[in-house]
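*Asks:* turn this into a model:
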Amino acid sequence: MDGLYLGLISGTSADGIDAALVHFDNGRPALRAAATHPWDDHLRRQVLAVAQDEIRLDLDAYGRLDVAIGRAFANAASALLASAGVSSRDVIAIGSHGQTIRHRPSGDYPFTLQVGDPSVIAECTGIATVADFRRADVAAGGQGAPLVPAFHATVLRPEHGARVVLNLGGIANVTRLDASGAITGFDTGPANGLMDAWCLRHRGEAFDRDGHFAASGRIDDALLAELLDDAYFALPPPKSTGREHFHLAWLDMHSRVAELSPEDVQATLLAVSAHSVADAIALHAGDAIDVVACGGGVHNTALMQAIASRLEGRPLHTSSAFGIDPDAMEAMAFAWLAYRRLRGEPGNLPAVTGARGLRLLGALYAAP
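*Replies:* Here you go, the predicted structure:
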């Protein structure tokens, strides 16, 4: 069903709720408007504390958080529509990723959990809402992530050879696109998430603007080696991860952290992100002719420079070079997934997630 869709996502960093208004014409997306809606500071801190297992919620507290996040997402959608001068009546559906608070796609009882009650979003906006995109893939034996590579292929497939699309959110993920149609992808490890958390702890700031905090320190080679020795980095794809693994408690387990200055730890965390991304590209997409970056991390100058220096001559662009707002890419992808859902088309890629097959993703919550 062609027309206007609205995508919503707050990623691992929980640094804002990204909203994108996208028009689809025979499957071709065109961005109409995009914005990042700020979190209420108290709610954001609660989200991060829950995601990093710093606090445990009883059922009542969990229910309140689910509704509060649903209202925050609805507010983000309504604010974007107001700024764009678009009526809710003109939007076919919202695709809401929600806020991930736990992601455990392995083990005897694999699951992934996103909160932000979609019934609340539909009620507050008056727009049908598609949500809960990841669990069908997990139920089919997949990782439930990343889901964006299929959208990357829609907008950034190369005409010749292979290309890497690099998403730098709280967690980094890479997509290898081949002109022949082959698509692979996986989470490489932390991008901004650990750096943001460390910056908040030591500077009271939500993120390291332009990487200045990291640039003021020096990389500690011993700590870098310890952190990169984590078993996750050596796992073969398909694989995915999040704050339930790479969080401050994980960092604090390494005794050398207490011996270093905060800025040296930050510099080392940036190096972890850059090394793990570049190593993953070299190992799994060594034939790529270029790398196209998107996500909040593209604004971290120090991180982008560190990654570029390790790409063995491959040019590093941002998606803006191809006419796509780097900050809107993931929100656009969830508008696209809602569009796919209403068309009855699968949204996952088994080659990426490891699921047993293609699955229709997301549940539909009707407008009032």
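*Asks:* burial measure for Asp25, as a count.
*Replies:* Asp25 has 9 neighbours, counted by other C-beta atoms under 10 Å. Yep, even glycine has a C-beta here, placed from its N, CA and C like the rest.
*Asks:* how near is it to Tyr5?
*Replies:* Taking C-beta to C-beta, to the nearest Å as the measure, Asp25 and Tyr5 are separated by 12 Å.
*Asks:* those helices in the stretch 201-350 of the chain, which residues are they?
*Replies:* With DSSP state H, counting those that start in this stretch, the ranges of helices along the stretch 201-350 of the chain come out as 212-215, 221-228, 231-234, 248-252, 262-284, 301-308, 329-342, 350-353.
*Asks:* repeat that for the stretch 51-200 of the chain.
*Replies:* With DSSP H, counting those that start in this stretch as the criterion, the stretch 51-200 of the chain has helices spanning 59-84, 118-125, 135-139, 149-156, 193-203.
*Asks:* and the ones you listed as TSV, adding distance to Pro326, mean pLDDT and mean neighbour count?
*Replies:* As requested, those are exported to TSV (distance: least, C-beta to C-beta, whole Å; pLDDT from 0 to 100; neighbours: other C-beta atoms under 10 Å):
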stretch	distance to Pro326	mean pLDDT	mean neighbour count
helix 59-84	17	98	18
helix 118-125	25	98	22
helix 135-139	25	98	21
helix 149-156	12	97	21
helix 193-203	17	95	21
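*Asks:* out of those helices, flag the one nearest Gly169.
*Replies:* Ranking these by distance to Gly169, with C-beta to C-beta as the measure, places helix 193-203 first at 7.7 Å.
*Asks:* now for that closest one, which elements pack on it?
*Replies:* Applying 3 or more C-beta pairs under 8 Å, 6 or more residues apart in numbering; DSSP states H and E, we find helix 193-203 packed against helix 212-215, helix 248-252, helix 262-284.
*Asks:* which of the ones you listed sits closest to Gly70?
*Replies:* Among those, helix 248-252 comes nearest to Gly70, with 27.1 Å by C-beta to C-beta.
*Asks:* which secondary structure elements does the closest one sit against?
*Replies:* Under the contact criterion of 3+ C-beta pairs under 8 Å, 6+ apart, helix 248-252 touches helix 193-203.
*Asks:* what about the helix it packs on, distance to the chain center?
*Replies:* Computed by C-alpha atoms, centre = their mean, to the nearest Å, the separation of helix 193-203 from the middle of its chain amounts to 18 Å.
*Asks:* so how far is Met253 from the residue of the chain most remote from its centre?
*Replies:* For the chain, the residue at maximal distance from the C-alpha centroid (C-alpha atoms, centre = their mean) is Glu259, at 31.8 Å. Computed with C-beta to C-beta, the distance linking Glu259 and Met253 is 14 Å.
*Asks:* before we move on, what about Gly7?
*Replies:* As judged by C-beta to C-beta, Gly7 and Met253 stand 36 Å apart.
*Asks:* out of the two, which sits in the more crowded spot?
*Replies:* Comparing Gly7 with Met253 by other C-beta under 10 Å, the one with more neighbours is Gly7, at 33 against 9.
*Asks:* that one touches Ala20, doesn't it?
*Replies:* Yes. The pair Gly7 / Ala20 is scored as a contact, 4.7 Å apart, by C-beta atoms under 8 Å.
*Asks:* what do the two both touch?
*Replies:* 331-332, 335 (C-beta atoms under 8 Å, 6 or more residues apart in numbering).
*Asks:* export those residues as CSV, with columns for neighbour count and pLDDT.
*Replies:* Written out in CSV, the entries for the shared contacts of Gly7 and Ala20 read as follows (neighbours: other C-beta atoms under 10 Å; pLDDT from 0 to 100):
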residue, neighbour count, pLDDT
Ala331, 31, 98
Met332, 28, 98
Ala335, 33, 98
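*Asks:* with distance to Gly323 added, can I get the residues you listed in JSON lines?
*Replies:* Formatted as JSON lines, the entries for those read as follows, by distance: C-beta to C-beta, whole Å:
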{"residue": "Ala331", "distance to Gly323": "16"}
{"residue": "Met332", "distance to Gly323": "12"}
{"residue": "Ala335", "distance to Gly323": "17"}
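*Asks:* out of those residues, the closest to Thr154 would be?
*Replies:* When those are compared for distance to Thr154 (C-beta to C-beta), Met332 wins out at 9.5 Å.
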